[in-house]
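A.B. asks: sequence-free structure coming up:
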């Protein structure tokens, strides 16, 4: 086991693993099996959809003197976390975790291993809370992109995060820029400058409980006279409303594209304007996706270098020329040639945003 990696993502995952072990242990001691499985499920999302995906380049990067330590940290951290997770999840997935644990440790049975000791893992609740909030921001922004038909590979100009303690995420901005594919991110605590929340009490639920007092609740809600509590409840007109008794609706100025965070105390505002320069970069990224698929279809090893030929619609070719350094770096091409291929081993015809593309590759 190694628990001393210094990278931001490594420190987050190790601390997140400790928190998961503590939470599952507490649930198991209380015979709260649904609670324990919920903790495991939430952890899998953080591990798979955040840490592993965001560390993919570290895992597959060719080892050099400059990145050897970072590559080792990534692999060692993942091994430590996977073994710890297998031992924690073993009571719930006995056969699957037996297979996983045996593959990781050389055949040792997970059911003969000690229950994980959280004290063996570093604690950093502040980093865990901030990174989880950043994941909430990223998920909300990606959902906004999808709702407005803006593909992820199309870069956008900016994203604004407004709400409580938004500025505490400033050191995590590079992760957000890459995840959401925006050029700039602004963090601000000034929520009112971008959007407001409106309280909408549920009269069908509140009527039987409050009787005539429900009118005062509706009047205060219309006036915006309410306050949110940390436990998800709302205080209004001297009453405390439970989460299932109201809805917080988001009201944004005309022309502003915004969505509320899952935590309910902040919003993400996305600049959805697309310039010709952004569209060109997006097309180049789309071409990268098709080349990567061609590499997989040709059964190339992930570290194989290739020669790449591109032919097709002028807009696509111009986009690749403008961003050739990015394309070659992403697909491990030693050279990009334009026009009909010569001695290529794999050729694909594709359509990118309605534009024709012919790409050919061969191992260089």
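C.D. replies: That came through, no problem. Quick caveat: nothing in here was measured; it's all calculated off a predicted structure.
A.B. asks: got a list of what residue 220 touches?
C.D. replies: Counting by C-beta atoms under 8 Å, 6 or more residues apart in numbering, residue 220 touches 226, 236-237. C-beta coordinates here come from the backbone N, C-alpha and C atoms, glycine included.
A.B. asks: kindly recompute the last result at 10 Å.
C.D. replies: 199, 201, 226, 235-239 (C-beta atoms under 10 Å, 6 or more residues apart in numbering).
A.B. asks: helices of the chain, start to end?
C.D. replies: 8-29, 33-46, 53-54, 56-60, 68-89, 94-105, 125-147, 173-180, 203-210, 214-222, 276-297, 314-322, 324-331 (DSSP state H).
A.B. asks: for residue 254, which of those is the nearest?
C.D. replies: With C-beta to C-beta as the criterion, residue 254 lies closest to helix 125-147 of these, at 16.5 Å.
A.B. asks: circling back to that earlier point, tell me which two in the contacts of residue 220 are the farthest apart.
C.D. replies: 199 and 238 (14.2 Å).
A.B. asks: which of those two has more neighbours?
C.D. replies: Higher neighbour count among residue 199 and residue 238: residue 199, with 22 against 9, using other C-beta atoms under 10 Å.
A.B. asks: nearest residue to the more buried one other than its sequence neighbours?
C.D. replies: Spatially, and ignoring its direct neighbours in sequence, residue 199 is nearest to residue 221 (4.1 Å; C-beta to C-beta, 6 or more residues apart in numbering).
A.B. asks: hmm, residue 237 and that neighbour touching each other?
C.D. replies: Yes. In this structure, residue 221 is within contact of residue 237 by C-beta atoms under 10 Å, at 8.0 Å.
A.B. asks: who touches both of these two?
C.D. replies: residue 201.
A.B. asks: thinking again about what came up before, ok, the residue nearest to residue 199 - contacts?
C.D. replies: Residue 221 sits next to 198-201, 234, 236-237, 241, 246 when contact means C-beta under 10 Å, 6+ apart.
A.B. asks: and the gap between it and residue 241?
C.D. replies: 9 Å (C-beta to C-beta, to the nearest Å).
A.B. asks: shared neighbours, those two?
C.D. replies: What both residue 221 and residue 241 touch, as defined by C-beta under 10 Å, 6+ apart, is the set 199, 201, 234.
A.B. asks: which strand residues bridge the first one?
C.D. replies: Right, the one you point to is residue 199. Following DSSP bridges, residue 199 is listed with bridge partners residue 248.
A.B. asks: so how far is residue 335 from the residue lying farthest from the centre of the chain?
C.D. replies: Centroid-distance maximum for the chain: residue 212 at 45.7 Å, with C-alpha atoms, centre = their mean. Note on residue 212: its distance to residue 335, by C-beta to C-beta, is 79 Å.
A.B. asks: and for residue 15?
C.D. replies: 44 Å.
A.B. asks: give me the more crowded residue out of those two.
C.D. replies: Neighbour count, other C-beta under 10 Å: between residue 15 and residue 335, residue 15 has more, with 21 against 12.
A.B. asks: which residues does the nearest residue to residue 33 once chain neighbours are set aside contact?
C.D. replies: In space, and not counting its chain neighbours, residue 33 is closest to residue 27: 7.3 Å by C-beta to C-beta, 6+ apart. Residue 27 makes contact with 33-40 under the criterion C-beta under 10 Å, 6+ apart.
A.B. asks: state the distance from residue 27 to residue 95.
C.D. replies: Applying C-beta to C-beta to residue 27 and residue 95 gives a distance of 22 Å.
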